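# generate a structure from the sequence data that follows.
(chains A and B)
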Protein chains: 2
Amino acid sequence: MAEYIESLRLLAERFGRLEGVGKKTAMRMAFSVLAFDEEEAQAFAKAILDAHEKIHLCPICQNLTDREICSICADEERDHSVICVLSDPRAVMAMEKVREFRGVYHVLHGLISPMNGMTPEKLKIRELLSRVDEEGVEEVIVATNPTVEGEATAMYLSKLLKPLGVRVTRLAYGVPVGAELEYADEVTLFRAIEGRRDV
Amino acid sequence: MAEYIESLRLLAERFGRLEGVGKKTAMRMAFSVLAFDEEEAQAFAKAILDAHEKIHLCPICQNLTDREICSICADEERDHSVICVLSDPRAVMAMEKVREFRGVYHVLHGLISPMNGMTPEKLKIRELLSRVDEEGVEEVIVATNPTVEGEATAMYLSKLLKPLGVRVTRLAYGVPVGAELEYADEVTLFRAIEGRRDV
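Reported below is the predicted structural model:
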């Protein structure tokens, strides 16, 4: 039936291009849109265009923003001498939820992965180096994911950063809080034992 | 962070209004949109407006269509003497996938459920009765869901339809093909035994 309703098929196809949305979900979403009233549908379309038009990268930290400089970089109460390096804007969102980190960020927009054509030149590494060079940065926390790509990127960055006289750190590895030991993988357990602390 | 990026928050909020989309999924989708190029974002917004503008109810079967009369009602090769009554357009889509049914449809747009304020007057029942009255219909298959609401609606319809001299049927109950007996619920098993056939 959807094949006969051209505009419904086209809409479902658009939803299907979103990350993690399969065919069935896309069709369910298209139906949802039909249930919207006129005003809601207009607002939805406008939100897509608005977000696309207004959001760009912060010239300092390369995170997404709709202001000239992002609200974190513009915040004078944050500690600009500590930069936390993350792979993407979603990681920034996760870190900000913790409300623990009071430094600033730098978003790489990817991780080094030669297999997928992600070479260091495609990441925002040059921007990071010039920040560290110019801004009186004392510490760079390389908080890329604890995956093969994340580790490779961290190694690569630390080799570039250390000669600049800055402290380079990495997040602690260990057992996730609330998790059961028997389900932790061996590498995580090994790292947790290696990083054990006195209580 | 998203709280600071107003247009990203607004877009995620719009996605969150789609059926079955939670907060996290909505945010992931909003990020997906940012990864689109200009042309794709425009096409997405247009698809929403187009679908909303062009799609309406078929004046005969009340199913969704972007033509004057839907392609099923307009198809002369289909059997217009058999009407399959369904709760919503998605059920039509499921039925059409089977390619078994060659009759036509009638979409109620809901099921009777007084608890949720769905009274018979809110469904497309009047339209169904006038079709049966006028069109030389011989059989009405009430294929509403095998739920409390679906059954109540089927009972209600059959009481209205039978006096019009039309055959009223219901889909067979039984164990789903490919399912394991031990996981079938008791009511389904009871119905399956009740409806057993010679082999």
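
# just the strands in chain A please.
A:56-57, A:64-65, A:79-86, A:103-107, A:139-142, A:167-170 (DSSP state E).

# so for stretch A:127-146, mean pLDDT?
Taken as a whole, stretch A:127-146 carries a mean pLDDT of 90.

# now the end-to-end length of it.
23 Å (Cα to Cα, to the nearest Å).

# ok so, going back, out of the strands of chain A, deepest packed?
Most buried of these, by mean neighbour count (mean count of other Cβ atoms under 10 Å in any protein chain shown): strand A:64-65, with a mean of 26. For glycine as for every other residue, the C-beta is placed from the backbone atoms N, C-alpha and C.

# near chain B at all, that strand?
Yes: judged by Cβ under 8 Å from any Cβ of the partner chain, strand A:64-65 and chain B are in contact via A:64-65.

# which residues are in contact with that strand?
Identification of contacts with strand A:64-65 by Cβ atoms under 8 Å, 6 or more residues apart in numbering or on different chains yields A:55-58, A:70-71, A:89, B:4-5, B:8, B:34.

# now swap in stretch A:104-122 and tell me
A:57, A:60-63, A:72-73, A:78-80, A:82-89, A:91-92, A:95, A:123-125, A:127-128, A:131, A:140, A:144-145, A:147, A:149-150, A:152-153, A:156.

# distance from the chain centre to that stretch, please.
11 Å (Cα atoms, centre = their mean, to the nearest Å).

# go on, stretch A:49-57?
17 Å.

# got the contact list for it?
So stretch A:49-57 is in contact with A:63-66, A:107, B:5, B:7-8, B:10-11, B:30, B:33-34, B:36, B:38, B:41-42, B:45, going by Cβ under 8 Å, 6+ apart.

# quick one, what contacts A:Ile48?
B:11, B:14, B:33, B:41, B:44-45, B:48 are the contacts of A:Ile48 under Cβ under 8 Å, 6+ apart.

# quick one, phi psi at the nearest residue to A:Glu68 once chain neighbours are set aside?
Nearest residue to A:Glu68, sequence neighbours excluded (Cβ to Cβ, 6 or more residues apart in numbering or on different chains): A:Pro59, at 8.0 Å. Dihedral pair for A:Pro59: phi -60, psi -20, per degrees, to the nearest 10.

# A:Pro59: neighbour count?
Around A:Pro59 there are 12 other residues, counting by other Cβ atoms under 10 Å in any protein chain shown.

# what's the spacing between it and A:Val104?
Distance of A:Pro59 to A:Val104, given as Cβ to Cβ, to the nearest Å: 13 Å.

# then A:Val142?
A:Val142 is 14 Å from A:Val104, by Cβ to Cβ.

# nearest the middle, which residue of chain A would you pick?
When Cα atoms, centre = their mean is applied to chain A, the residue found nearest the centroid is A:Asp88 (2.2 Å).
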